[in-house]
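*Asks:* Any chance you could fold what I've pasted below:
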Amino acid sequence: MKLEKIVIAGGNGFIGNYLCRYFESMGVNVVLLSRKPIPGASQVVLWDGEVLGSWAQCLEGADILINLAGKSVNCRYHEKNKKALYHSRLHTTALLGAALRQCQRPPALWINASSATVYRHATDRPMEEYTGELGSDFSPELVKAWEQTFFQSEVPGVRQIALRMAITLEANGGVFPYYLGLVKALLGGKQGMGTQKFSWIHAEDIARAILWMYMHPPMNGIYNLSAPNPSDNQTFMRLLRNEHGTPWGIPLSAWMLELGAWLMNTETELLLKSRWVLPQRLTDSGFEFKYPHLEACVKACFRSESGSFGNGLTKESANNPASLVRSARILQ
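*Replies:* Numbering: from 1, shown residues only. Take a look at the predicted model:
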């Protein structure tokens, strides 16, 4: 199955930008649906995410639609923001479903972002797709409603996959620069107890998993997208300090983090919730992670910080046509 065209809704964020560069480096035609122009992007189609319009034409004949649209969760969870978080996810997802139902040649695969935070705070056992227990506070309920809207927006002949993504690591975006900033400021000790589980995935493995799912048509439904070897907060911070060459860091207690979150107009959930997630369905399918262990992932992030394309390709390999040909063969 040759992959020729991908449409990414909400492609102006970190993950969308990474996926765009990754797949374009393999010769795939990538179209970004965005509310505003994206400097440097090859193809951007403007939309408002509210009503059907001429933008829907870009879906015609695509191989994959990836929906990443939604207001950032980096905010305080007051009622106004909660309403915006729900609307930006549920309405946009339903709108894309309506657009796909109008297509003469809709994409074979529709992938919708979701989040591994749908599972409860877990310190006793890992959560996988078969027996994982869902949470009941605001974030899990938001994810449940998002997934429900997605699967209710089914389109004949279109496979649907919801990706419950763990914390994504990559040098040039997401949370990695913020954690590294703490280390550089000598605040890179554990956060809270430090024993809370830390489920993660390298951005390149997200791209590789999407390609794998496209190449394996039986795959559908809900998939955890996290590395198969979760760690914990204090281990993650130690690896960051070691790689940066900083021998110690001041630990941040829960009350300090709560105060900081209030001052920065955000929440502490990212740091303090124990996310213990396993990608059982993905590994059952035969997928092999490039970065299954956190130490190798952290080292890769530091290598990228000192000179990469941010798409899993080093400058050396990107300038080597043979290397790119080897990477692209799986697309044929």
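*Asks:* Export stretch 224-236 to PDB, keeping only CA atoms.
*Replies:* C-alpha atoms of stretch 224-236 as PDB (Å, rounded to 0.1, in the frame of the first residue of the first chain):
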ATOM      1  CA  ASN A 224      -2.700   3.200  23.600                       C
ATOM      2  CA  LEU A 225       0.200   5.100  22.000                       C
ATOM      3  CA  SER A 226       2.900   4.900  24.700                       C
ATOM      4  CA  ALA A 227       6.300   3.200  24.900                       C
ATOM      5  CA  PRO A 228       6.100  -0.400  26.300                       C
ATOM      6  CA  ASN A 229       8.400   0.400  29.300                       C
ATOM      7  CA  PRO A 230       6.900   3.100  31.500                       C
ATOM      8  CA  SER A 231       9.200   4.800  34.000                       C
ATOM      9  CA  ASP A 232       8.500   7.200  36.900                       C
ATOM     10  CA  ASN A 233       9.000  10.900  37.500                       C
ATOM     11  CA  GLN A 234      12.200  10.800  39.600                       C
ATOM     12  CA  THR A 235      13.900   8.400  37.100                       C
ATOM     13  CA  PHE A 236      13.000  10.700  34.200                       C
END
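*Asks:* Can you give the contact residues for the helix or strand where Lys299 lies?
*Replies:* Lys299 is located in helix 294-305, with elements delineated by DSSP states H and E. Under the contact criterion CB atoms under 8 Å, 6 or more residues apart in numbering, helix 294-305 has outside partners 169-172, 176, 180, 198, 200, 202, 227, 229, 231, 235-236, 239-240, 243-244, 291, 310, 314. Using the backbone N, CA and C atoms, a C-beta is placed for each residue, glycine as well.
*Asks:* of those residues, buried ones?
*Replies:* 169-172, 176, 180, 198, 200, 202, 227, 231, 235-236, 239-240, 243-244, 291, 310, 314 (16 or more other CB atoms under 10 Å).
*Asks:* Could you pull out the buried residues of the helix holding Lys299?
*Replies:* 294-295, 297-298, 300-301, 304-305.
*Asks:* now do stretch 130-140
*Replies:* 132, 135, 138-140.
*Asks:* what is the mean pLDDT for that stretch?
*Replies:* In this model, stretch 130-140 has an average pLDDT of 96.
*Asks:* Over to stretch 43-52?
*Replies:* Stretch 43-52 shows a mean pLDDT of 94 in the predicted model.
*Asks:* which stretches of the stretch 151-300 of the chain form strands?
*Replies:* 159-165, 167-169, 197-198, 200-202, 221-225, 231-232 (DSSP state E, counting those that start in this stretch).
*Asks:* Ala98: neighbouring residues, count only.
*Replies:* By other CB atoms under 10 Å, the residues close to Ala98 number 14.
*Asks:* Now render the strands of the stretch 151-300 of the chain as CSV, adding distance to Leu270.
*Replies:* As requested, the strands of the stretch 151-300 of the chain are exported to CSV (distance: least, CB to CB, whole Å):
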stretch, distance to Leu270
strand 159-165, 13
strand 167-169, 7
strand 197-198, 10
strand 200-202, 12
strand 221-225, 17
strand 231-232, 14
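*Asks:* Can you say which of the ones you listed is packed in most?
*Replies:* Ranked by mean neighbour count, those are led by strand 200-202 with a mean of 26 (mean count of other CB atoms under 10 Å).
*Asks:* partner strands of that one, parallel or antiparallel?
*Replies:* strand 167-169 (parallel) (DSSP bridges).
*Asks:* Quick one: distance of the strand it pairs with to the chain centre.
*Replies:* Here strand 167-169 is found 7 Å from its chain centre; the criterion is CA atoms, centre = their mean, to the nearest Å.
*Asks:* Contacts for that strand, please.
*Replies:* By CB under 8 Å, 6+ apart, the list of residues contacting strand 167-169 reads 14-15, 174-176, 198-203, 206, 270, 275, 297-298, 301.
*Asks:* could you check the angle strand 159-165 makes with the one helix or strand Ala94 maps to?
*Replies:* Secondary structure from DSSP H and E places Ala94 in helix 79-101. Angle of helix 79-101 versus strand 159-165, following axes from the mean of the first three to the mean of the last three CA atoms, to 10 degrees, is 150 degrees.
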